[in-house]
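1. build me a model:
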Amino acid sequence: QVQLVESGGGLVQPGGSLRLSCAASGFSLDRFAIAWIRQAPGKEREGVSCISQGGSITYYADSVKGRFTISEDSAKNTVYLQMTNLKPEDTGVYYCAAKRTILYCSGYPDEYESWGQGTQVTVSS
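-> So this is what the prediction gives:
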């Protein structure tokens with residue numbers, strides 16, 4: 001059974017940093033693409049970043065390029081999202097999601113089959 005558990009969210013001031021973790025169980029990361037997808041109040045879900053093939057394939061939304069870094073630790077079966085220089089518009093619930101493929105990773109939320117419960121990120125002074 002595929003399970004994803006996010007952690008690491010919280011309240012941070014603009015310009016601050018957070019690292020989100022997505023602990024996967026029931027499957028091996030080397031057979032799946034993992035995405036971080038966020039949803040702000042009143043807005044559609046947005047694919048922020050994704051990773052596949054042990055990190056040889058990554059994707060970043062234009063809104064986070066240069067500020068966010070996705071990575072994975074295969075030994076811990078965990079994917080991370082390091083977020084720096086956070087802005088108020090980064091506020092939202094961040095979900096990690098999995099798709100059974102190693103060919104690519106996608107920024108489209110609807111392509112992902114399994115989801116975690118989400119972790120809240122609030123960027124505010």
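2. so the spatially most central residue of the chain bridges to which residues?
-> Against the mean C-alpha coordinate of the chain, by Cα atoms, centre = their mean, the closest residue is residue 36 at 2.1 Å. Following DSSP bridges, residue 36 is listed with bridge partners residue 49, residue 96.
3. and it, how close does it get to residue 125?
-> 24 Å (Cβ to Cβ, to the nearest Å). C-betas here are computed from N, CA, C, even on glycine.
4. and stretch 65-81, what's buried?
-> Residues of stretch 65-81 classed as buried by neighbour count (16 or more other Cβ atoms under 10 Å): 68, 70, 72, 77, 78, 79, 80, 81.
5. cool, and stretch 100-107?
-> 102, 105, 106, 107.
6. could you do stretch 15-29 as well?
-> 18, 20, 21, 22, 24, 27, 29.
7. now swap in stretch 43-57 and tell me
-> Residues of stretch 43-57 classed as buried by neighbour count (16+ other Cβ under 10 Å): 45, 46, 47, 48, 49, 50, 51, 52, 53.
8. and which of the residues you listed is nearest residue 12?
-> Nearest to residue 12 out of the buried residues of stretch 43-57 is residue 48 (Cβ to Cβ; 15.9 Å).
9. my read is that the closest one contacts residue 60, right?
-> Yes: applying Cβ atoms under 8 Å, one finds residue 48 in contact with residue 60, separated by 7.4 Å.
10. common neighbours of those two, please.
-> Taking Cβ atoms under 8 Å, 6 or more residues apart in numbering as the contact rule, residue 48 and residue 60 both touch residue 68.
11. from residue 77, how far off is residue 14?
-> Remark: distance between residue 14 and residue 77 (Cβ to Cβ) = 33 Å.
12. okay, and the beta partners of residue 6?
-> The partner list for residue 6 in beta bridges (DSSP bridges) reads residue 22.
13. and the closest residue to residue 94 other than its chain neighbours, how far from residue 103?
-> Nearest-residue entry for residue 94: residue 38, 4.8 Å, with adjacent residues in sequence omitted and distances by Cβ to Cβ, 6 or more residues apart in numbering. Look at residue 38 and residue 103: by Cβ to Cβ, they are 24 Å apart.
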